[in-house]
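Trainee: have a look; sequence and predicted model below, questions after that.
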Amino acid sequence: MPPPPVPTEPPPSTAAADAWWRSLPAPLRSPTAAERLRADYFASSASSDLADRSPGDLAAAMVSHLTAGIRRPPGEAVIRAVDGPVSGTGEQSTTVEVVAEDMPFLVESLTSALTRLG
């Protein structure tokens, strides 16, 4: 198995997230892994949804969600409500973040439960 890539510094535009960047496992700090993460994270997002969000908001959303995933014990799901500014959605919003292994109907079940709660 080849050695893990050498970690790189965060891009200058994310210098404020330096402490978070350094807390990532070394393989996630490689340019290849970071680019793949970004591409995979936003792959199923509609272009119009992304166009309305600032780069800082999109970065905050990914950082918040990834932070939850790093803390997730294997085999368990993490579901948490996050204040809008932390998750990049603004002052008047709350985001529900879910990190879990592949589970059939998870999104539909959560959406249904949240809809029932109002």
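Mentor: Good, I have the coordinates. Residues are numbered from 1 along each chain as shown.
Trainee: hmm, Cys91 is touching Gly84, no?
Mentor: Just to correct that, residue 91 is Glu rather than Cys. Yes - under the criterion of Cβ atoms under 8 Å, Glu91 makes contact with Gly84 at 5.8 Å. From N, CA and C alone the C-beta is placed, and that goes for glycine too.
Trainee: okay, the two: which has more neighbours?
Mentor: Gly84 (15 against 7; other Cβ atoms under 10 Å).
Trainee: for the residue lying closest to the more buried one once chain neighbours are set aside, the count of nearby residues, please.
Mentor: Nearest residue to Gly84, sequence neighbours excluded (Cβ to Cβ, 6 or more residues apart in numbering): Ser93, at 3.5 Å. Ser93: 12 surrounding residues under other Cβ under 10 Å.
Trainee: which elements pack onto whichever strand or helix holds Leu58?
Mentor: Counting by DSSP states H and E, the secondary-structure element that holds Leu58 is helix 55-71. When contacts are defined as 3 or more Cβ pairs under 8 Å, 6 or more residues apart in numbering; DSSP states H and E, helix 55-71 packs onto helix 18-23, helix 31-42, strand 78-83, helix 84-87, strand 94-99.
Trainee: that helix vs strand 94-99, what angle?
Mentor: On the basis of axes from the mean of the first three to the mean of the last three Cα atoms, to 10 degrees, helix 55-71 is oriented at 40 degrees to strand 94-99.
Trainee: show me how far helix 55-71 is from its chain's centre.
Mentor: 3 Å (Cα atoms, centre = their mean, to the nearest Å).
Trainee: now the angle between helix 31-42 and it, please.
Mentor: 100 degrees.
Trainee: so which of the helices and strands packed on helix 55-71 is the most surrounded?
Mentor: Ranked by mean neighbour count, the helices and strands packed on helix 55-71 are led by helix 84-87 with a mean of 17 (mean count of other Cβ atoms under 10 Å).
Trainee: that older thread, what's the distance between the residue nearest to Gly84 and Gly56?
Mentor: 15 Å (Cβ to Cβ, to the nearest Å).
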